[in-house]
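>>> Model the structure of this input:
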Amino acid sequence: MFEDRPVALPFMSHVKRHPRVPKGARRAAFSLRRAGALVALLGVGMVVLSSCDEASTTGTSTTEGKVSAAAPSRRSVSPVPGLSGNPGQKKFEPGNLIFEPASGPTTNSPNWTTKDACPAGHNASAELVAFNLQGDFESRISLPISGPGPYRSAPGAGVLDFNLDSVRLYGTPDVSADGTIVVAVGCYADGAGLGSAVFVQSVFVHYSNNGATYSTSSTN
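Residues are numbered from 1 along each chain as shown. Coordinates of the predicted model:
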């Protein structure tokens, strides 16, 4: 038995054969492509670094100044910018702010009262503010309460934003676990804790047992 002779298909003669590229040339071309890709990546990296550097020097970073979502955010003392170091006149009256209970675990969010009222001109509203022992403003730590006082906190008026453990951790982060803070009543010229402020009634809050408990006093 014999096989038929192969028949040439009409399109076969038109198929173009590309010349084989020598191995050395292929290797050189690959090296050039790899070098070009590396240059491109370096260029992108330089642009990204440049953008980061510009954001850090000009203050345009979208995350600059933000607080972790897990921590309570701080609020400025008044609408006037730049008051964090000098929020208002301090006329501390140690002992004229009373926590109820006066001591206990820092998981407490104690109620509070004052022995006297806010001074005229700064008696539209009040709220609690934390300071370190150097008198530096740290953070507001309660809801505002309306009127001239004397004050007694109640649901929705003057209550602490969070418990005393969180006050130390987030409101006064520069104070040690066994440290002491000053809590004072901010007396405001306008309602809702707005306008110029003076800080009057106050109490010392002492942390102990590595921040697990607190006590209050009229002296440091």
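
>>> Would you map the strands across this protein?
Remark: strands assigned in the chain by DSSP state E are 89-94, 97-100, 103-105, 111-114, 125-131, 137-140, 145-146, 180-188, 197-208, 213-217.

>>> Show me where the chain has its helices.
Under the criterion DSSP state H, helices of the chain are mapped to 23-58, 164-166.

>>> just checking, which of those comes out with the lowest mean pLDDT?
Mean pLDDT is lowest for helix 23-58 among the helices of the chain, at a mean of 43.

>>> Hmm, G179 and N210 touching each other?
No: assessed by C-beta atoms under 8 Å, N210 is found out of contact with G179, at 10.8 Å. In short, each C-beta sits where N, CA and C put it, glycine included.

>>> From the neighbour counts alone, determine which of those two ranks first.
G179 (16 against 9; other C-beta atoms under 10 Å).

>>> That one and D136: what is the separation?
From G179 across to D136, the span is 13 Å (C-beta to C-beta, to the nearest Å).

>>> Considering only helices and strands, which part of the chain has the lowest mean pLDDT?
Of all helical and strand segments in the chain, the minimum by mean pLDDT, DSSP states H and E falls on helix 23-58, at a mean of 43.

>>> residues near the nearest residue to P101 once chain neighbours are set aside, how many?
In this structure, P101 finds its nearest non-sequential neighbour in P110, 5.9 Å apart by C-beta to C-beta, 6 or more residues apart in numbering. P110 has 19 neighbours, counted by other C-beta under 10 Å.

>>> same question, E100
12.

>>> show me the contacts for it.
When contacts are counted by C-beta atoms under 8 Å, 6 or more residues apart in numbering, E100 touches 110-113.

>>> mind giving me the domain ranges of the protein?
The record assigns the chain these domain ranges, following automatic domain parsing: 23-58, 89-217.

>>> Okay, the closest residue to G121 other than its chain neighbours and P148: tell me how far apart.
The shortest distance from G121 to any non-neighbouring residue, by C-beta to C-beta, 6+ apart, is to A189 (6.3 Å). Going from A189 to P148 by C-beta to C-beta gives 12 Å.

>>> Touching both of these two, which residues are there?
A124.

>>> Show me where the protein dips below the pLDDT cut-off.
1-86 (pLDDT under 70).

>>> which residues touch stretch 213-220?
94-95, 98-99, 102-106, 108, 133, 164, 180, 203-208.

>>> How about it, which residues are buried there?
213-214, 216 (16 or more other C-beta atoms under 10 Å).

>>> Just the buried residues of the contacts of stretch 213-220.
For the contacts of stretch 213-220, buried by 16+ other C-beta under 10 Å: 94, 98-99, 106, 108, 164, 180, 203-205, 207.

>>> For the strands of the chain, give me a markdown table that also has distance to D174.
Below are the strands of the chain laid out as a markdown table (distance: least, C-beta to C-beta, whole Å):
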| stretch | distance to D174 |
| --- | --- |
| strand 89-94 | 18 |
| strand 97-100 | 22 |
| strand 103-105 | 23 |
| strand 111-114 | 23 |
| strand 125-131 | 11 |
| strand 137-140 | 8 |
| strand 145-146 | 27 |
| strand 180-188 | 10 |
| strand 197-208 | 13 |
| strand 213-217 | 17 |
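
>>> So which of those strands is nearest R152?
strand 111-114 (4.7 Å; C-beta to C-beta).

>>> who touches V198 in this structure?
So V198 contacts 88-91, 118-119, 122, 186-187 (C-beta under 8 Å, 6+ apart).

>>> Before I go, just wanted to say thanks for your time.
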